[in-house]
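Trainee: with the input below, show me the fold.
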Amino acid sequence: MLKKYQLPSFLLGEVSQEVYERWLRRKAQAHVKRDRRRGNETAIGEAYRSAIHSAVVESGGRDAYTGEKLDWSLISQYNNDDSQENGRHYKRGFALLPTVDHVVDGTGPADFKICGWRTNDSKNDLEMPEFLALCQAVLEHHGYVVMKRG
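Mentor: Numbering: from 1, shown residues only. Coordinates of the predicted model:
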């Protein structure tokens, strides 16, 4: 019997159906809560689960911005206590953790992309050379030629 949010084929052997569904519910719930605080009274779990699942399927398992292959084995593994204790060294191990990124500001219909945690949070935790390297990867993935100054 097929599940409503069937595990995409590229995740077979990476995560179980149960782990994926738990992750999907938790991500949708977190985004609904945040978007309702932003004034989006139409934010509902089912629409968000559907939109996030569609974004996962569309991603093919890759970061929507850089094209990097995401590490789906990391979902639901992040530990806030370990992160606080070990800081950026801990967080670097989760650079390719799949995260859910709003396409717009969250005040309208659910619309998401899947990207790595580093991509989604890079401005806060990466040093400038690392951030510039990430930006270069994004630009190259979208067909821009990056000329280095010098």
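
Trainee: pLDDT weak spots in the protein?
Mentor: Flagging of the chain using pLDDT under 70 yields the residue ranges 1-2, 123-128, 149-150.

Trainee: top helix in it by residue count?
Mentor: Ranked by residue count under DSSP state H, the longest helix found in the chain is helix 17-37.

Trainee: contact partners of that helix?
Mentor: Under the contact criterion Cβ atoms under 8 Å, 6 or more residues apart in numbering, helix 17-37 has outside partners 3, 5-7, 11, 15, 43-45, 48-49, 52-53, 56, 75-76, 100, 102, 106-107, 110, 112. (C-beta placed from N, C-alpha, C; glycine too.)

Trainee: can you point out the buried residues in that helix?
Mentor: Judged by neighbour count using 16 or more other Cβ atoms under 10 Å, the buried positions of helix 17-37 are 19-21, 23-24, 27-28, 31-32, 35.

Trainee: right, and H102 touches P109 too?
Mentor: No. Checked against Cβ atoms under 8 Å, the pair H102 and P109 is beyond contact range at 10.9 Å.

Trainee: pick out whichever of those two has more residues nearby.
Mentor: Residue environment comparison for H102 versus P109 gives the larger neighbour count to H102, 17 against 13, counting by other Cβ atoms under 10 Å.

Trainee: Y144: what secondary structure?
Mentor: coil (DSSP: H, G, I helix; E, B strand; the rest coil).

Trainee: switch to numbering from 38
Mentor: Got it, first residue is 38 now, which makes that one Y181.

Trainee: what is the neighbour count of it?
Mentor: Residues within reach of Y181, counting by other Cβ under 10 Å, total 10.

Trainee: ditto for N116
Mentor: 11.

Trainee: same thing with G104?
Mentor: Summarising burial for G104: neighbours were counted as other Cβ under 10 Å, giving 13.

Trainee: done for today, thanks.
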